[in-house]
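J.: Predicted model and sequence below, questions to follow.
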Amino acid sequence: MFILPRREYCDKCGRSYSKKANLDRHKKYECEVDRNFSCPGCPYKAKRKEHLKRHMIFIHNVILKPNDNNSQDLILPNP
Ligand SMILES: [Zn+2]
Ligand SMILES: [Zn+2]
C-alpha cells in the first residue's frame, strides 16, 4: 500500500513543505520575518520586504543591498 507523504502547510501564508523541519525554518526565518518592515526614513511600514524595497527606491532613492536582511544597515543618501 502506498501512502502519500503528508505535507506540512504554513498556517500564515499557505506554503507547503514535505518536512516539518523545513516548515519550522520557513516560519522562523522566512514567514514571520517577512512582515512589518518599517522604513528607517519615514513612518511607512510594509508587510513584505519587496514592498519596502520598492518604497525605498521610489520615495527615498535608496537601493537595498541584495543580501541585506537588516534594514538598520541602510545607507540613506545625504540630503
Ligand atoms: Zn508562511
Ligand atoms: Zn520611507
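T.: Looks like it came in fine. Ligands and ions are numbered 1, 2, ... in the order given.
J.: Residue 52 and residue 40 touch, don't they?
T.: No - contact criterion Cβ atoms under 8 Å: residue 52 and residue 40 do not qualify, at 9.7 Å. The C-beta positions use only the backbone N, C-alpha and C, and glycine is treated the same way.
J.: which of the two has more neighbours?
T.: A direct count of neighbours by other Cβ atoms under 10 Å for residue 52 and residue 40 places residue 52 higher, at 21 against 16.
J.: Which residues of the protein lie near ligand 1?
T.: Residues of the chain found near ligand 1 (Cβ under 5 Å from the ion) are 10, 12-13, 31.
J.: try 8 Å this time
T.: 10-15, 26-27, 30-32, 34 (Cβ under 8 Å from the ion).
J.: so, if you compare those, which one comes nearest to residue 61?
T.: Residue 61 lies nearest to residue 34 out of these, by Cβ to Cβ, at 23.9 Å.
J.: do the helix or strand bottoming out on mean pLDDT in the chain and ligand 2 meet at all?
T.: Here the helix or strand of the chain ranked lowest by mean pLDDT, DSSP states H and E is strand 37-38, holding a mean of 83. No - for strand 37-38, no contact with ligand 2 is found by Cβ under 8 Å from the ion; the gap never falls below 8.7 Å.
J.: Against which helices or strands is that strand packed?
T.: Packing contacts for strand 37-38, counted by 3 or more Cβ pairs under 8 Å, 6 or more residues apart in numbering; DSSP states H and E, involve strand 45-46, helix 49-55.
J.: and the last one, what other elements does it pack with?
T.: Using 3+ Cβ pairs under 8 Å, 6+ apart as the contact criterion, the secondary-structure elements in contact with helix 49-55 are strand 37-38.
J.: Strand partners (parallel or antiparallel) of the strand it packs on?
T.: If you go by DSSP bridges, strand 37-38 pairs up with strand 45-46 (antiparallel).
J.: now check the strand it pairs with, is it near ligand 2?
T.: No - counting by Cβ under 8 Å from the ion, ligand 2 is not contacted by strand 45-46; separation bottoms out at 9.3 Å.
J.: Can you give the contact residues for that strand?
T.: 36-39, 52, 55 (Cβ atoms under 8 Å, 6 or more residues apart in numbering).
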